[in-house]
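Chemist: I would like the atomic coordinates for the input below:
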Amino acid sequence: MTAFEPKLDDDCIFCKIIKGDIPSYTVYEDDMVKAFLDISQGTPGHTLVVPKTHVADIFGYDRDLASIVFARIPEIARAIKATDENIIGMNIVNNNGAVAYQSVFHSHFHLIPRYSDKDDFRMIFKDNAKKYDETLIRRSPMAKFIRNSLIGLGLSAATYMLINQKTPKALYTDIKSYVQDVLDAADNLQDAREEFSDAQSNLSVQMAHAAEVFDDIQTELDKFQFKIEPHVAIMKKRADHLQDTLDHLTKTTD
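Modeler: Numbers count the residues shown, from 1 in each chain. All right, here's what the predicted structure looks like:
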C-alpha cells in the first residue's frame, strides 16, 4: 500500500465522504489527506483525519503513507487549537481493531480538543506498575521480540545499536538470539502439530471403537426382541382371553 496510488472502497463510509458522496464539514484537505468534523463531537472541534486511500488500520500503513499522514496531524492540531483560546490540550487517538474500539474500518485519527478535565472525554488506563519493574520489562520475551523485530522492519543496524546502546558484538548476539527464538518457536509449532495429529488419531480410534460397541448393543437388542416377541404375543393372547372372560361374567351378573 502506498499513499501515491490511492484506492477507494465503494462500501466504506469514509471513502464515500472522500469522494463527496456523503456530505461532511471539511476542515482540511489535500491530495492525500482529508480532515473533517466527527459527527459525534465528543468535545467541540472533535476532528477526524483520514488518508485518502482505503487502508483498514495502522497495520496496513507503509512508510510513505505514514510519513504523509503523520506529517499533517500536528499542522491540523495546531489549527484546531488556534480556533479557541479555551482549548488547553488535545487527545490524538487512533483505534485499530474492534477490540480497540474501532468502528469504521478505514484508518482514522481522532483529534479531540480538551477544555478541562471535566469535559466529555475520558481515557482510563489501569495501573499495573506493581506487577513489573524495569529489569523485568527489559528482559521480557515481548520486549525482546519487539526490539529484535525492528531490524526486520528496516531499521538499520547502526540505529538499532544507538537506540539499544549495543556494541556490534552485542548486536550479533541479539540477532543470533532472535534467530534461535524463531527456530525454537518453529520447533514448538511442529511439536504442537504432532500432538494435535496424535490426538486426532486417538479420537478417530475411540470413535471407531464406540461405533463397534454401539453395533454390538444394537445386535443384542435385536436378538432380545426376536426372543421376546413370541412371549409377548402369548401374553397378549392370554390378556385378551382374560378380558373376554371378565366381560362375560359382567354380563351374566347383570
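
Chemist: what ranges does this structure have for its helices?
Modeler: Along the chain, counting by DSSP state H, helices occupy 13-19, 63-82, 134-139, 141-152, 157-164, 168-253.

Chemist: for D30, which of those helices is the nearest?
Modeler: helix 63-82 (7.7 Å; Cβ to Cβ). For glycine as for every other residue, the C-beta is placed from the backbone atoms N, C-alpha and C.

Chemist: list the buried ones in that closest one?
Modeler: L65, I68, V69, R72, I73, I76, A77, I80, K81 (16 or more other Cβ atoms under 10 Å).

Chemist: ranking the helices of the chain by burial, who's on top?
Modeler: Greatest average neighbour count among the helices of the chain goes to helix 13-19 (a mean of 18), per mean count of other Cβ atoms under 10 Å.

Chemist: how far off centre is stretch 177-193?
Modeler: 23 Å (Cα atoms, centre = their mean, to the nearest Å).

Chemist: about what we covered before: any idea which of the helices of the chain gets closest to N95?
Modeler: Of these, nearest to N95 by Cβ to Cβ is helix 13-19, at 13.4 Å.

Chemist: and the closest one, what does it pack onto?
Modeler: Applying 3 or more Cβ pairs under 8 Å, 6 or more residues apart in numbering; DSSP states H and E, one finds that helix 13-19 contacts strand 33-37, strand 47-51.

Chemist: residues in contact with it?
Modeler: Here helix 13-19 makes contact (Cβ atoms under 8 Å, 6 or more residues apart in numbering) with 8-10, 22-24, 34, 36, 50, 52, 54, 104, 106, 108.

Chemist: just the buried ones out of these, please.
Modeler: L8, S24, K34, F36, V50, K52, H54, H106, H108.

Chemist: for the second one, give me the pLDDT.
Modeler: At S24, the predicted lDDT confidence score is 94.

Chemist: need the contact list for it.
Modeler: Contact partners of S24, counting by Cβ under 8 Å, 6+ apart, are I17, F36, L37.

Chemist: roughly how far does K236 sit from Q200?
Modeler: 51 Å (Cβ to Cβ, to the nearest Å).

Chemist: what do you get for P74?
Modeler: Counting by Cβ to Cβ, the gap from P74 to Q200 is 55 Å.

Chemist: lowest mean pLDDT among the helices and strands of the protein, which one is it?
Modeler: Lowest by mean pLDDT, DSSP states H and E among the helices and strands of the chain is helix 134-139, with a mean of 57.

Chemist: Provide a list of residues in contact with T47.
Modeler: Going by Cβ under 8 Å, 6+ apart, T47 touches V27, A35, F36, L37, D38, I76, I80, H110, L111.

Chemist: between those residues, which is nearest F214?
Modeler: Taking Cβ to Cβ as the measure, F214 lies nearest H110 of these, at 60.1 Å.

Chemist: ok, the closest one touching Q102?
Modeler: No - the pair H110 / Q102 is not scored as a contact, 10.7 Å apart, by Cβ atoms under 8 Å.

Chemist: which neighbours do the two share?
Modeler: Each of N95 lies in contact with both H110 and Q102 under the rule Cβ under 8 Å, 6+ apart.

Chemist: tally of neighbours for L48?
Modeler: A total of 21 residues lie near L48 under the criterion other Cβ atoms under 10 Å.

Chemist: quick check: bridge partners of it?
Modeler: F36, H110 (DSSP bridges).

Chemist: OK, contacts around it?
Modeler: A35, F36, L37, D38, H108, F109, H110, L111.

Chemist: make a ChimeraX selection of the buried ones in the residues you listed.
Modeler: In ChimeraX, this line selects whichever of the contacts of L48 come out buried by 16+ other Cβ under 10 Å:
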select :35,36,37,38,108,109,110,111
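
Chemist: Serialize the contacts of L48 to JSON lines and add fields for distance to Q190 and pLDDT.
Modeler: Putting the contacts of L48 into JSON lines (distance: Cβ to Cβ, whole Å; pLDDT from 0 to 100) gives the following:
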{"residue": "A35", "distance to Q190": "49", "pLDDT": "97"}
{"residue": "F36", "distance to Q190": "50", "pLDDT": "96"}
{"residue": "L37", "distance to Q190": "53", "pLDDT": "96"}
{"residue": "D38", "distance to Q190": "48", "pLDDT": "95"}
{"residue": "H108", "distance to Q190": "41", "pLDDT": "97"}
{"residue": "F109", "distance to Q190": "41", "pLDDT": "98"}
{"residue": "H110", "distance to Q190": "43", "pLDDT": "97"}
{"residue": "L111", "distance to Q190": "47", "pLDDT": "97"}
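
Chemist: right, I'll call it a day here.
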